[in-house]
Each structure stands twice: as C-alpha cells, then as structure tokens.
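# pasting the sequence and the predicted model now:
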Amino acid sequence: MSLASTVKPSVASKRSRHRRSLGELWIAILFLLPNLTGFVVFTAGPVVISLINSFTDKSLLTQQTHWVGFRNYADLAADPLFWIFLVNTVYMFIGLPFAMAGSLFLATLLHQKIKGSTIFRTLLYLPSFTAGVATMILWKQLFNPDYGLINSALSTLGVPREQLPQWLNSTKNLLAIDPERLAFNPSQWGIGARDALVLMGIWGAIGGGNMLLYLAALSNVPEELNEAAQLDGASGWQSFRNVTWPQLAPTTFFIVIMSLIGGFQGGFDQAKVMTNGGPANTTTTLAFHIYQKGFEQFQVGYASAVSWALFAIVFAVTIVNWKFGNREDLVS
Amino acid sequence: MKTLFFAVLAGLLAFTAFITATQPKVELKGRTPIFWSTDLNPLRTEQVGLFNRLHPKILLDVDPNNGNREKVIVQSQAGVGPDVFDFWGEANFDAFIQSGTALDLTDALKARGINFEKEVWPLALAWTVKKGRVYAIPANVGTDAVWFHKDLFDKQGVPYPKDSWTLADFIETAKKMTIRDEKGRVMQYGALIEVDRFYNEWLASFGGDLWSEDGTECLIDSPESIACLQAGYDFLYTYKVSPTPADESSIAASGGWGGTAGSMAYFRRKVGAMSPGGRWWLAQLRDDIKLKGYQLGAVTPPVAKFAKFSSGGTRAVMVNAFSPNRKEAIEFAIYLMEEPYNTLLNDQADALSGVKSAAYTERYLKNPLDPGADFHLAFRKTLEMGVQLRSTPFLPRSEFELYLNRQIDLVKLNMKKPADALRDAKREIMEALHRNVTRDAELQAEYDRRIAARRTS
Amino acid sequence: MKLKTWQLVLIYGTLTLVSLSTLMPFLWMVLTSFKPLEEVTNITPVPVKPHPQNYLEVSDQARYFGRYYLNSLFVASWVTFLTILTSSMAAFAFARLRWPGRNQVFTLYLATMMIPGVVTMIPNFAVMVQLRLLDSYQGLIIPASFSAFGTFMLRQFMLGIPKALDEASIIDGAGAWRVFFDVIMPLARPGIITLAIFTFLGNYGNLFWPLIMIKSESMRTLPIGLLAFDSSYNKATHLMMAAAVMSLVPPMLLFIVSQKYLVKGIQLGAVKG
C-alpha cells in the first residue's frame, strides 16, 4: 500500500494544533535562527541602509551627506536614460520562455531512463560551469560579424553577406527600438547587440540550473499517477499536461520568480566584459547603470534610489505572479 | 544523513587546519609594509623591487585593482585603503581631494629640495597640482605618437612619414598604404584610426576644445570640433583607410573596451601600417622586434592646424591621508621623483617618466634595450606639444562622457553625421549641467557669478 | 514505460545536438589553451604547434596560482556547507512549521532578493571593516553563507514532498527535529545537492566581493588570478585559457561526483513516491 493515503485530523488534534502552533514557535526559532541572524546582518541591514541612502545625496567623494527627500526619485523618473535602460533590461526577458521551455524539455528527455544520461547532463551543464570572463570573451569572438563562427555558419547556409546580422556592433533589435529615445524606428529592425545577449543567455540557461531543478522535481512525481492516467486512455502529451505539469507547479513558480528577479538585476557582467554598455548604450541594463552611477560616478545616493525604483518594479511584478500562480503555496 | 554531515564537517575542519598551517608568511624582518594599489602591469615588479632595494626598512607590495578605482574609494571610505594608489584623470583627482583621501605633499617635497612644478612635464600638472599645492606625483606621462612599420613602407616604396607632417600628408600616405585584394577587401589598412580616440587627441590641433575657459559653455559643437570629428569619421568611411567597428571587434582579444589595445593588436599583426599609439606599446612591441624582426619607427602626430595634441595624460600616484604608515608612503612618493625610478621607467618604456630631465639624456634616446632604434625621439617631441583639454566643475566628467560617447558611438557606427551628433550631445550635456547646478546652492552661485562675469567682459 | 525506437532516436538526437552546442565553446577553450601566443588569433581551432608548456607558464606569471586554487576551494566549500546547513533549517521552518508571522517573514526574504546586490556592497563592506575581517577567510565566508535564495529554493522543494510522510512520523511520536533529519532531509536530497552545486559554483566564480576584500597576494581567489591574464598590458589569452581550464577542474569533478548522489536521490524518491 502506498503511503500516499492521507491521515484525517481528528477533533482532538484541532485543539492540540493550537498548542502545537505556539510550541512550534520555539522550534521554528531554533531552526530559523542561524539563517535569520546572518540575513539580518548581511542582507536586511545593508538593505535598510541603502534605502536610507536613497533619500540622501550621499557620494563617496564628499564627507557630508544631506537629506534630499524624494529628489533622487524625481530625477531618475525625469531622466530619459533611466527609461531606456529599463527597456533594455526588460528586453532581455524575451529569451525567458524559450529558456524555460527548453530546460523543461531537456529535463523530461533526461528523465527517461536512458543510458548515458549522466554524460548528457554534464555536457548540458557546461555553460553554467564555464560561465565567466573567459566564456564571454569567447562569445564575443563567435559573434564577430566577419570572422565569427555564427555568421560563417549563416553564410554557408546561404545568407547573403549584406544581410548578416552585425550582432554586438549593431543597435538594431527585433523590436525596432530606437537607440536614442523610447520609440519604434522601423529602420532599426534587425538583429543586433541586445539580441546577441539574449541568444547567449538562452544558450547558458537551457541546460543549467533550471534543468536540474526540473529533473529533481520530476523525480518526485509519482510514476503511478502517470501510468494510471495512461491506462485510462490519456496520450503521453495529455498525461504530461494534466498530471505532471501541475506537480511541477512549485518548481515552475520558483523558476519564474527567480528568473524575473535575476533578470531585472542582470546584464551587468555582459555589459562590463563584452560591450561596456554599448553600442550607444543599447546593452546598458539598469544593473549596469547602477554600477556606473554608484561605483564609477560615486553617487551612492542616486544609485540607491535607482536600485529601489528597480526593486519596486520587481516587487510589483512578483506580487502579480504570486497571485497568479501560487494558490496551494499560500495554503500550506 | 547524519554520518554524511559529520564527515563533511570533519573534512572541512581538516582543510581549515591545513590551509592556515600552509599560509605563506611574508617575512617582514622588521620592515614596515606598505601597499601600492596599481594595475597588473608586469613592469611593476621591477619598479617595486628597485624601491625595496633602495629602502631596506620598507617592504612595498602591490595591491592589484586592475583599473578599478572603485576599490580604492570603497576601501578608503572605510579607512582601510592602500597606502599609495594610482589614479587617472581630473575627475578622480578632484574626487580624492574632496573626500580627504589625498595627502598634501607640498611640504614633504620642499623639504627634499624638489621643485615640483619645474621638474615635471607641464602636461602632468593638471592632475597633480591644485591651487599651488601638490597632491599627486606622476608615475608616468604619455601621449600618443604615430607608430609605423618601416618594412611595409619599404615594400610599397612609400617614403617614411616625417615629423612635421600635416593631416593632408597623413591621409595621402594612408591611402597609399592601404592594400586591397581583387574582391576589394582590405588586406592592409593604411592607418588604424579609432574615431573616439582621434577626436580626443586631435581636438586641440583643430583649434577646438571641450569647454569654455570658465567652464560654463560646452564647445563640442564648434566648427573646429565638428571638423575634427568629421576628419576621424572620414578615415573610416570616406577614405576607407581605417577599420570600421565591425572589423575592429575581431581584434581586441578581450574586453568590451577596444581602446588602444585594439589597434595595438592590429598593429602587431601588421594589418595596419601606421597607428597612433603610446610609448608604452613598446613593452610588448619589443617581443615582436626580437622574435619577428619588426622594424619600427615613430613620428609626431600630423598637424591639422596647430602643433598641439590632447590625448596625453599622466598616471599619477597619491598618498592616502588615512594611511597608518604615512612616513613610509611619502618615501615612495619621493622615490617617484628621483633619478633611479625615472631612468628605470624610461628604460622599460612604461610611457615616459614624469620628471622631464630623465627624457633628455643620451640614454633615453639610445635606450640600451632597443639597439638601433630611432623612435624614442618622437614621443618626447609629442609630449612637448601635449596640452590638456578643458573641463568644467559644473558637471561630473563621467556624466559628460556618457552623453558624448553615446553620440560618438553612433558616428562610429555610421549612423549619424558628426555635426548632428555633436549638436545633440551638446544639448544633452548642457541640460545635464543645468540639472546638476540647480541641485547645489554653492555650485549655482558660482555658475551665476561666472555667467555674470562673462556678460560684463 | 518502455520507449519505442523512434522515441529513443528523437531523444538521443536532440540531446546530442544540444550537447554539442554546449560542448563546443569548452572545446575551443581547451584547444586554445594549448596554442602558443602567435596562434591565438588564428581562426583554425586546432593548434598547429601544440604548446602544453602554457600550463606550466601559468605559475610563472602568477606566482601564487596554486594558492589561489586552494583559497577558492576552501572558501567555496565552507560557504556551501554553511549555506546548506542554515538554509535547510530555515526552509524547514517555512515549509513545515506553523508559527505566527511566518508568511510575512518569508515575504521579507523574497523582497530582499530583489534588491540589486551592488548597492548593498558598501554597507556590507563597512560592516566587515568594523568586525576587522578584511583580508581574511572569515570575511569571505561568513557574509556569503546566509542565503535567502537557498532558503527559498529548499522551501519550494520541501513543499513538494508529500505531507503524509511527516504525519506518519509524527504519529509515531517524532518531534520536529526527527522529522527534519529523518524524513525531510533524505527526500530533499536532490534539491540539496542542486543547491550545493549552485552555491559552490557561484561562490567559486565570485569576483567582486573578494576583489574588494582581499589585499595580500596569497589570499587571492582564482577569478582575481584569472583577471591578471587579461589586462591591457598582458593579453596572454593562451595562458588565460590554460588557467581557466585548470580552474574548471574542481567544479567539473564536483558535478560528476554529485551526479551519483543526485541519481540515488532521484531513485529513492521514485520508490518512496
């Protein structure tokens, strides 16, 4: 008999649940304390300090700091660059659905008990291992419009030379966004730096952590459920959609949230190593902008304000997602 | 599960014991340690070694920042910065003085009989002296001259460039030295011009400048300035003697910043016959001369209108006012002004020494490390013609560069005409300047004062 | 469920194709690490004159390279251990225990992850200075060991474990601690191993924090060491690739070894479920 049968709580345990709730507070504190202490000191504390900083004109250059209220926030809202950088950041999400679907697909393939899955798993995880300066430099070479592997491959496939995308040297993009202002500019339609980074991102993410997470989650899906569904006449796709997919919901939710959070904060490494935010600021994401403002221009107060503005956006998006995809989570 | 936990913990503790036991100990032997925050240039090793030999009571070591001045600022703010550190540029210079990190060295120098302003290159004064007080010492000074491959010129039968040549000469020579194959693709570029660097270096030669003298008006849209950017653009797209960004990107072996590292790599591969470049290139070119038999020459940059060039600067060193080893740190600063260091630096060709006199010796011209070479003279001559472009106190340099470089990027990509680009940049810069000034009452007052002075003059 | 032949072909085909694309850059890296300097910019991937001395030259250029290695391994190992310890305990508290304020605190955790890390660097650094932990292993290890991310991830994972198993234990008289150690942790093993891999890799390759914390050369970690091969003065791409390949060996080993446990954990889960 499988252990999946549930135990119904009796009336008596309802009363003890209340007691358990309090009793569990002590135990909870014990479990929580190590992580929570570090969290407060190294995360929550600095976060609060940065919030305070965002209301000042703190600069690493001057000894005195003055309270300026919401001025930093007003400035960033009025700065056209802020909005362009926000668009640059959001643009990077174009690859997210593809990367996630890819990870899930690869995970299901690997989940079938085939020989050699370990080798495949290692190979697919390679981009996550080799992530770093060396890989980004490599991709820079790959994207070279004249000598790079990608354009060479495209031209052997018959793409004429003038139509080859200029990748990291081009301000063109798939949404035809103008490089100087927030507007659509048909002449800017094409494949350029932003798309190059999206492509590189998909490559890096597809066999990486998300795939492992899905693999681990798939292993927790009871086999019998799928088999039962198929005995009842459901096709492979249907049993996946109706049985497996819902079971993967907490993991999917986690991946979406983390991708959103990470994505909004991302783009820094690529900008620093590969493009320095160019060409013409098209690959400057908000994270890179914050770094430039805070560490290259030393305006800590303003940089903190931009960070908190970014936080507000991410928070809003996350809340929407939470409401949307997390019913069972809140209950437990 | 429990066994795994304890096994891992035991392993980690053993690892800890091992790693602390094998910690390499620096033998201080009674010496005072000081740290120098500088880049990862391998030439530092000798420069540091020389200092340590001359000062047996001090142990100098390098703390690498690889150009990240953030690290210095962050650490200094926390009071634990390096004892001495490098920086580049007027913005940083002001920043360090304002934050109280820079130590005033004027008296220490006077006590040693060093007449700072007379001894260093005028070009270096912009980032070392403020209101008559010395805050930094130039570790090296450099400008770009024009390197060229003698053998490529010999092959084409084109006479070598000469020191007092004009921009028109340069363009003609570059055209002659650009070789194309049957399909029209370039096999050799006449000149390796990078639009942004060209603009910065030749702006003074065209008679332009970035800011007005009082710093209230941005001058990048002046006819001279536009002519300069147009000239740079022409090298790439009109005369087609220089690589476009698409070609450029395959060269730089790493990093998002092509910079001189980009054209240097091209030059080293002989894909360009001439290239503006610094004397510091020699550190790597020496390998090529030895291993590949390169024959190199250098001349002063071609003149547009005036014999003035503005790409130069100094990598300067400051003493950290918060350093606990101030005396020793000052010793290092003094060392940078003395003969052994300056001679070593010129030998190494780490650009040129900050102290002028070291470049006017026989040894400089006939560097023992470069037998038969005649290119050293050009760099000294160019340095004599070096000027600094103006800046403004009313807008941070980094913000200024953000707007300017954005537009230059578009010109580089052939997406905008130089005139339009510079006009747009100026508009954005002046808007940013006004935003910046209205924030700070003192700044606003100063700005108004200067504007008023203008009107009355 | 037996797989039909065409399904097998499809599976192997897809996996091979994708694996090739992930393998190629790595291969390029390895091949370049054997090239002498002149050949680095050649298009042909295979070195004409293989130059394995690159691997030895790495320690000529970076005198403490072996030490950087040890430092990175040391710090990453401790951080991984502590992270898993504290995160799993906290995750348990969020996923299984009921206590007042639980959801609010969790939201707080989530919320702080949305702050760009760059901005908390400076206050964090100031704290380190106050605690005199600059240029020390503790300074590198401690701030990195308290992960909101890890807690979040393991919580999700634990939520996926059927509650019936706990309740069976509780009926048998087990307290929270027993449930944690004997029921949840073994089942969460795939999740834990995944977190271990993420944490180790993330910390191993971390650049910015060690860069501002470390002063002495002998305390540097690998990423800082790798940077040295890539300055504008020293484009020794061939050496950098050799150094990069060497630095990739521990993570690779970790991954391969952990595969065994990952598989075991997965199998256990399949049987129990």
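Yep, that arrived.

# let's verify residue A:187: helix, strand, or coil?
Assigned with DSSP: H, G, I helix; E, B strand; the rest coil, residue A:187 falls in the helix class.

# how about the residues of the stretch 101-250 of chain A near chain B?
For the stretch 101-250 of chain A, the residues in contact with chain B (Cβ under 8 Å from any Cβ of the partner chain) are A:133, A:137, A:140-141, A:144-148, A:166, A:168-171, A:179-180. (C-beta placed from N, C-alpha, C; glycine too.)

# lowest-scoring secondary structure element of chain C by mean pLDDT?
Within chain C, no helix or strand scores below helix C:237-272, which has a mean of 69 by mean pLDDT, DSSP states H and E.

# show me what contacts whatever residue of the stretch 1-150 of chain C ends up closest to chain A?
Going by Cβ to the nearest Cβ, chain A is nearest to residue C:146 of the stretch 1-150 of chain C, at 2.6 Å. Neighbouring residues of residue C:146 by Cβ atoms under 8 Å, 6 or more residues apart in numbering or on different chains: A:34-35, A:37-39, A:41-43, C:82-83, C:86.

# quick check: it vs residue B:381, distance?
Using Cβ to Cβ, to the nearest Å, residue C:146 is found at 60 Å from residue B:381.

# go on, residue B:375?
From residue B:375 over to residue B:381 (counting by Cβ to Cβ), the distance is 11 Å.

# how about residue B:428?
37 Å.

# higher neighbour count, those two?
Taking neighbours as other Cβ atoms under 10 Å in any protein chain shown, residue B:428 and residue B:381 compare with residue B:428 leading, 21 against 18.

# now residue B:282: closest residue in space that isn't a chain neighbour?
Once flanking residues are discounted, residue B:282 sits nearest to residue B:349: 3.6 Å by Cβ to Cβ, 6 or more residues apart in numbering or on different chains.

# that neighbour and residue B:277 touch, don't they?
No. Taking Cβ atoms under 8 Å as the definition, residue B:349 is not a contact partner of residue B:277, at 11.8 Å.

# about what we covered before: burial count for the closest residue to the residue of the stretch 1-150 of chain C closest to chain A other than its chain neighbours?
Once flanking residues are discounted, residue C:146 sits nearest to residue A:38: 2.6 Å by Cβ to Cβ, 6+ apart. Around residue A:38 there are 22 other residues, counting by other Cβ under 10 Å.

# which residues does the residue nearest to residue C:217 when sequence neighbours are not counted contact?
Closest residue in space to residue C:217, ignoring its immediate chain neighbours: residue C:64 at 5.7 Å, by Cβ to Cβ, 6+ apart. Residue C:64 makes contact with B:24, C:217-218, C:220, C:225, according to Cβ under 8 Å, 6+ apart.

# out of the residues you listed, which end up buried?
Buried by 16 or more other Cβ atoms under 10 Å in any protein chain shown: C:217-218, C:220, C:225, out of the contacts of residue C:64.

# save the residues you listed as CSV, and put in secondary structure and pLDDT too.
Below are the buried ones among the contacts of residue C:64 laid out as CSV (DSSP: H, G, I helix; E, B strand; the rest coil; pLDDT from 0 to 100):
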residue, secondary structure, pLDDT
C:217, helix, 77
C:218, helix, 81
C:220, coil, 85
C:225, helix, 77
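
# max-length helix in chain B?
Ranked by number of residues, the top helix in chain B under DSSP state H is helix B:418-439.

# can you list contacts of it?
Applying Cβ under 8 Å, 6+ apart, the external contacts of helix B:418-439 come out as A:57, A:71, A:75, A:180, B:218, B:220-221, B:225-226, B:229-230, B:232-233, B:392, B:394-396, B:399-400, B:403-404, B:406-408, B:410-411, B:443-444, B:447.

# where does chain A have low pLDDT?
Along chain A, segments meeting pLDDT under 70 span A:1-24, A:60-63, A:133-134, A:146-147, A:325-332.

# which parts of it are strands?
Under the criterion DSSP state E, chain A carries no strands.

# which one is the residue most central in space within it nearest to, not counting chain neighbours?
Chain A has residue A:259 as the residue nearest its centroid, 2.2 Å off, counting by Cα atoms, centre = their mean. Leaving aside its sequence neighbours, residue A:259 sits nearest to residue A:96 (Cβ to Cβ, 6+ apart; 5.5 Å).

# from residue B:186, how far out is the one you found?
From residue A:96 over to residue B:186 the distance is 41 Å, taken as Cβ to Cβ.

# do residue C:249 as well
42 Å.
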